[in-house]
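**Q** any chance you can model this:
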Amino acid sequence: MEVLRHSATSPRRFVAPVLTLGNFDGVHRGHQTILGRVAEVAHAGGGEAVALTFSPHPVAVLRPDRAPALITALRDKIRLMAATGIDVLVVQHFTPVFAELSAETFIERFVVQRLRATKLVVGHSVSFGHERRGDAALLTALGKRFGFDVEIVGPIRIDGCDVSSSAVRRAIAAGDVSLAAALLGRPHRLGGRVVHGRQRGASIGFPTANVRVRAGMLPPDGVYAVRVQHREASHDGVASIGTNPTFGNAPRTLEAHLFDFDADLYGERVSVSFVERLRGEIMFPSVDALAAQIGRDAEQARTILAARP
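**A** As a prediction, this is how the structure comes out:
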């Protein structure tokens, strides 16, 4: 997938482009349906499948105090979108000046004049333009005015829940990583670099990789069954998010103990996929009690992960 930064400056000419637009945070199953449909329509007609997204998130620019926690960092969003069949991803820098464009001006300037879309495929809740005044009805009317087709994709429901980035965020914030996985179509995953910690896990028989996560939404404090990806290999494990209250509290960290693994990961980049929440964070009366519980957590995680190859 080709990635272009800022459609306003790109000299790229597209071949019969079929376009979609949105933030696509999380690239959940609803997004996947839309992106897959864009690829299907574009490739059937010999054209290119193009997606237009925005960075940073518009709310982070317009109302920083209300900005949502991002499910995925931009690098992960790009990786996930590439897997849907999209040919070109345009990442438009979102600024206060850009936000002032009316819905009509945005469509005329970007969709018609610069991207020259022949068709748009969007979700039913699409919004665009100043104060999000553009919607599916306006887009359909503008398509008739400017000569492009519009296809509206209806809502996707999983387990009685409408799939949306907001629904995924609520699930992650509640620690319900199983529901988040159902909505995303995969376990929630965060990437980061392994850094030196205080070696407390190793001192009680459970060495951990201390993962520094700079972007993406951490689930609440607790213990999780996880899979850790390092280069081409995937390793089952158990992870803890929290402040280590048994040791007197510390900065919040993500630490993962990998089963049957003893290689040096310091400085390496890994990703952690959260499969199931086991319990909340607990302050134990002793280090021995903590070690015993971690042993039980590890056995529970092994059982869960063995059932979900």
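
**Q** low-confidence ranges in the stretch 51-200 of the chain?
**A** The model of the stretch 51-200 of the chain has pLDDT under 70 over residues 199.

**Q** mind listing the helices for it?
**A** With DSSP state H, counting those that start in this stretch, the ranges of helices along the stretch 51-200 of the chain come out as 58-62, 74-82, 96-99, 103-106, 136-146, 165-173, 177-184, 200-203.

**Q** of all those, which lies closest to A307?
**A** In terms of CB to CB, the element of the helices of the stretch 51-200 of the chain nearest to A307 is helix 177-184, at 12.5 Å. Where you see a C-beta, it was placed from the backbone N, CA and C, and this is true even at glycine.

**Q** and among the helices of the stretch 51-200 of the chain, the most buried is which?
**A** Most buried of those by mean neighbour count (mean count of other CB atoms under 10 Å) is helix 177-184; its value is a mean of 22.

**Q** between the helices of the stretch 51-200 of the chain, which one is nearest to F128?
**A** Closest to F128 of the helices of the stretch 51-200 of the chain, according to CB to CB: helix 103-106, at 5.6 Å.

**Q** elements contacting the closest one?
**A** helix 136-146 (3 or more CB pairs under 8 Å, 6 or more residues apart in numbering; DSSP states H and E).

**Q** what's next to the helix it packs on, contact-wise?
**A** 103-104, 107-108, 111-112, 120, 122, 124-126, 128, 149-150, 152 (CB atoms under 8 Å, 6 or more residues apart in numbering).

**Q** so how far is the longest helix seen in the chain off the chain centroid?
**A** The longest helix of the chain (DSSP state H) is helix 287-306. Remark: helix 287-306 is offset 28 Å from the chain centroid, using CA atoms, centre = their mean, to the nearest Å.

**Q** for stretch 234-246, same thing?
**A** So, by CA atoms, centre = their mean, the centroid of stretch 234-246 is 21 Å from its chain's centroid.

**Q** pLDDT on that stretch, on average?
**A** Mean per-residue pLDDT for stretch 234-246: 92.

**Q** give the buried residues for it.
**A** H235, D236, G237, V238, A239, S240, I241, G242, T243, N244, T246 (16 or more other CB atoms under 10 Å).
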